Every structure is written in C-alpha cells, then in structure tokens.
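S.K.: here is my input, please return the structure:
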Amino acid sequence: MSSFPICTSELFNLVYIRCQLLKHRCSLYIVNNREILRKIGKNIRQARVKAGLTQECLAELAGVHVQTIGAIEHGDFPFAVTTFALVSQFLETSPNRLLEGLESPDPKRTERIKKALARRRTLRGQKAE
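M.R.: From the prediction side, this is the model:
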C-alpha cells in the first residue's frame, strides 16, 4: 500500500509530495496543478484572441491538434514545455506573459527543503572520505 494519501476523486487535480530527508519531515504539500493550468490556459486564450488567431490556426502553427489547444485553454491538458514555447512564439508574446498570475512558491518551505538537502549532501560527502 502506498504511503501517499490519494483521494480518487482528486487524483488528476492534486499532486501529493511527502519529503523525508534524514530525520527532517516536511509536511504534506499539495499543489493544485489544475489551477496552474487554468491560469496559463486563460493567458494563452487572451493572447490568442489579441493576436487575432483561431484555435485552429494556432494549432496548425504549433503542430498540435485543435482539440489540444482547446484543452490547454481550459486547463484540462498538461502540455509539453516545447509546445508552450511554440505557442508563445506564434502568439508573439513572452513566456513570462503567459505565466502571469501564478502564485509564488512558499519561501519558508523552499528554504527548509534546500537546507535539508544541503545537509544531506554534506553528510554524503563526509561518508565518501
């Protein structure tokens, strides 16, 4: 049985990450990927409309199916970074513009994990000697 708590109804919306670094245990951290995808999709749609392109035209330019563009704009489809780069280029907008509105990561959590990993690397380096 998995040690990760998984709620079947939210399986596609949430990613559960549990860190156990040495004896330091990070709290359960939930990232809502759907919300991230929705914000990016909304920004892509706004940029596409502003550029005067249809979903069909953008799909043809980016080399993906038209339904893929629709799913991206609705936040239903996690897409490759290469597709993201192509979409950004054909919309003639910066990738940063398409990422606007995303929440910043928790700085305290980030620092805690970095410190724990640095300690782990230090201990591994001492064992190798």
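S.K.: name the residues of whatever helix or strand residue 116 lives in that are buried.
M.R.: When elements are assigned from DSSP states H and E, residue 116 belongs to helix 107-128. With burial defined by 16 or more other C-beta atoms under 10 Å, the residues of helix 107-128 counted as buried are 112, 113, 116. C-betas here are computed from N, CA, C, even on glycine.
S.K.: which of these sits closest to residue 33?
M.R.: residue 113 (18.9 Å; C-beta to C-beta).
S.K.: and the pLDDT for the closest one?
M.R.: pLDDT recorded at residue 113 is 92.
S.K.: distance check, it against residue 82.
M.R.: Distance of residue 113 to residue 82, computed by C-beta to C-beta, to the nearest Å: 28 Å.
S.K.: could you do residue 50 as well?
M.R.: For residue 50, the distance to residue 82 - C-beta to C-beta - is 23 Å.
S.K.: what of residue 34?
M.R.: From residue 34 over to residue 82 the distance is 22 Å, taken as C-beta to C-beta.
S.K.: quick one, which of the two is more surrounded?
M.R.: Taking other C-beta atoms under 10 Å, residue 34 and residue 82 do not tie; residue 34 has more neighbours (15 against 10).
S.K.: secondary structure element for that one?
M.R.: Judged by DSSP H and E, residue 34 forms part of helix 33-51.
S.K.: who's in contact with that helix?
M.R.: With contacts defined as C-beta atoms under 8 Å, 6 or more residues apart in numbering, helix 33-51 is touched by 12-15, 54-55, 58, 69, 72-78, 84, 87, 91-93, 97-102.
S.K.: give the buried subset of those as a ChimeraX selection command.
M.R.: Selection command for ChimeraX covering only the buried members of the contacts of helix 33-51, criterion 16+ other C-beta under 10 Å:
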select :14,55,58,69,72,73,75,77,84,87,91,93,98
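S.K.: just the contacts of helix 33-51: which are in helices?
M.R.: Counting by DSSP state H, those place 55, 58, 69, 72, 73, 74, 84, 87, 97, 98 in helices.
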